[in-house]
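A.B. asks: next come a sequence and a model predicted from it.
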Amino acid sequence: MDAIFQSLLDVIEEQRKKIALIAEKLSQIESIGGGGSGNATIEDYQSGKSYVRNTLVVDSNTETVYRVLDLYTSDTVANDVAAGKLKLVGYEGQVMTYSAPPTQTEIENLPDDTLVAVYNANDTPYDPNSN
């Protein structure tokens, strides 16, 4: 009878080792991709909401996507960008407009390799046929 119990314990111990090995492999798979937890979210921006770092929020007025840089409670998109709480990720049509010339902080929040052009309605329009 003792041999049967020992065989059963051996089988259980072997299964425990296999489960531990599977758990370790799953942990390694989950950590691929920069060590993130794999729980990225994207949602519409809401004022007065608590956000955690790396949450992606969309300004539904402009279809602009921002990444939350730190744990904080939101105010407005404009105020949060100015305060350095949100970083620009992407935007609809790849054209970003501002109601006034962009501040240095707004420019720094643009993605890398972004061209910044300031348009003045009083400037003479470009005419490719003029010399």
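C.D. replies: Nice, I can see it.
A.B. asks: and the longest helix seen in the chain, how far out from the chain middle?
C.D. replies: Longest helix in the chain by number of residues, with DSSP state H as the criterion: helix 2-31. Centre-to-centre, helix 2-31 and its host chain are 37 Å apart (C-alpha atoms, centre = their mean, to the nearest Å).
A.B. asks: can you give me the buried ones in it?
C.D. replies: Residues of helix 2-31 classed as buried by neighbour count (16 or more other C-beta atoms under 10 Å): none. Bear in mind the C-beta positions are built from the backbone N, C-alpha and C, glycine included.
A.B. asks: stretch 103-123 too?
C.D. replies: 106, 109.
A.B. asks: now do the same end-to-end measure for that stretch.
C.D. replies: 20 Å (C-alpha to C-alpha, to the nearest Å).
A.B. asks: which residues touch it?
C.D. replies: 81-82, 84, 86-90, 96, 98, 101-102 (C-beta atoms under 8 Å, 6 or more residues apart in numbering).
A.B. asks: could you turn the buried ones of these into a PyMOL selection?
C.D. replies: Remark: buried members of the contacts of stretch 103-123, expressed as a PyMOL selection using 16+ other C-beta under 10 Å:
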select buried, resi 81+86+88+96+102
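A.B. asks: give me the subset of the contacts of stretch 103-123 lying in helices.
C.D. replies: Checking the contacts of stretch 103-123 against DSSP H, those in helices are 81-82.
A.B. asks: in JSON lines, list the contacts of stretch 103-123 along with distance to residue 9.
C.D. replies: Below are these laid out as JSON lines (distance: C-beta to C-beta, whole Å):
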{"residue": "81", "distance to residue 9": "62"}
{"residue": "82", "distance to residue 9": "65"}
{"residue": "84", "distance to residue 9": "59"}
{"residue": "86", "distance to residue 9": "57"}
{"residue": "87", "distance to residue 9": "56"}
{"residue": "88", "distance to residue 9": "60"}
{"residue": "89", "distance to residue 9": "55"}
{"residue": "90", "distance to residue 9": "57"}
{"residue": "96", "distance to residue 9": "66"}
{"residue": "98", "distance to residue 9": "71"}
{"residue": "101", "distance to residue 9": "76"}
{"residue": "102", "distance to residue 9": "70"}
